[in-house]
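Colleague: From the sequence below, what's the structure:
(2 chains)
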Amino acid sequence: DAEITQSPRHKITETGRQVTLACHQTWNHNNMFWYRQDLGHGLRLIHYSYGVQDTNKGEVSDGYSVSRSNTEDLPLTLESAASSQTSVYFCASSERQGRNSEQYFGPGTRLTVT
Amino acid sequence: GDSVTQMEGPVTLSEEAFLTINCTYTATGYPSLFWYVQYPGEGLQLLLKATKADDKGSNKGFEATYRKETTSFHLEKGSVQVSDSAVYFCALKASSGGYNKLIFGAGTRLAVHP
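Modeller: Next up, the predicted model:
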């Protein structure tokens, strides 16, 4: 069955270190997204991609970057981790861009920055 | 800008009780509306959606009706079960600068006890 996976599921890192969170989907979806989930804020969009070599900033993109070298993967990099980036991170993908299209979510990565 | 407001939780109910989780939205244009559910330790799953005014989305005994006049999309279930314990997110998707952004409410935690 097609799926979307994230790794690692849990990560503890120190302030200032570079961290990369992996996201892999087997639906062959062109559209992929990264969100962070914080108490009281729901999910907020970090970056998104419409296809290979395409990346765009979301509403909370400062301190994060993504790259899209193939259809299946959209890794999220924290250039220099900060305590404010302690959060749960979700990757999602969708087949279409339209307003009716569904996004499929991965299981999440819990990141703690100490 | 576009936004979603949902009732604060936690909501605590006994099994077989009636559930309502309120959701109101602000959006330009004609958004699509969604309810997502997040079970403990998992990612978000689409529960139901409605794409135009007066549409009713339904799934697993849950229902929500798109009310344009009151800008609301309240989630209801006639008889909840312990297995319905989860966090519920209301979301909208509206066109903004060519990209259809999925905007989430803060989430409402539901706890159902036997």
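Colleague: Can you tell me who the residue nearest in space to the middle of chain A pairs with across the strands?
Modeller: Closest to where the C-alpha atoms of chain A average out (Cα atoms, centre = their mean) is A:Trp34, at 2.7 Å. Taking DSSP bridges as the rule, A:Trp34 bridges to A:His47, A:Cys91.
Colleague: Test my guess that it contacts A:Cys91.
Modeller: Yes. Using Cβ atoms under 8 Å, A:Trp34 makes contact with A:Cys91 at a distance of 5.7 Å. Any C-beta I mention is one placed from the backbone N, CA and C, and that applies to glycine too.
Colleague: so what sits against both of those two?
Modeller: A:23, A:74, A:76 (Cβ atoms under 8 Å, 6 or more residues apart in numbering or on different chains).
Colleague: By neighbour count, which of those wins?
Modeller: Taking other Cβ atoms under 10 Å in any protein chain shown as the neighbour criterion, A:Leu74 ranks highest of the shared contacts of A:Trp34 and A:Cys91 with 26 neighbours.
Colleague: what's the helix or strand for the residue lying closest to that residue once chain neighbours are set aside?
Modeller: Closest residue in space to A:Leu74, ignoring its immediate chain neighbours: A:Met32 at 4.2 Å, by Cβ to Cβ, 6 or more residues apart in numbering or on different chains. Using DSSP states H and E, A:Met32 maps to strand A:31-38.
Colleague: pLDDT on that strand, on average?
Modeller: What strand A:31-38 shows for mean pLDDT is 94.
Colleague: One more: stretch A:68-84?
Modeller: 97.
Colleague: which residues are in contact with it?
Modeller: Applying Cβ under 8 Å, 6+ apart, the set of residues contacting stretch A:68-84 from outside is A:13-26, A:28-30, A:32-34, A:46-47, A:49, A:51-55, A:63-67, A:85, A:89, A:91, A:111, A:113-114.
Colleague: and with 7 Å instead?
Modeller: Here stretch A:68-84 makes contact (Cβ atoms under 7 Å, 6 or more residues apart in numbering or on different chains) with A:13, A:15-26, A:28, A:30, A:32, A:34, A:46, A:49, A:52-55, A:63-67, A:85, A:89, A:91, A:113.
Colleague: Can I have the buried ones of those as a PyMOL selection?
Modeller: To isolate the buried subset of the contacts of stretch A:68-84 in PyMOL, counting by 16 or more other Cβ atoms under 10 Å in any protein chain shown, use the following:
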select buried, chain A and resi 13+19+21+23+24+25+30+32+34+46+49+55+64+66+85+89+91+113
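Colleague: in the chain, which spans are helices?
Modeller: In the absence of a named chain, this looks at chain A. For chain A, applying DSSP state H gives no helices.
Colleague: Would you mind naming what in it lies close to chain B?
Modeller: Proximity of chain A to chain B, by Cβ under 7 Å from any Cβ of the partner chain, involves residues A:40-43, A:45, A:90, A:97-100, A:102-103, A:105-108.
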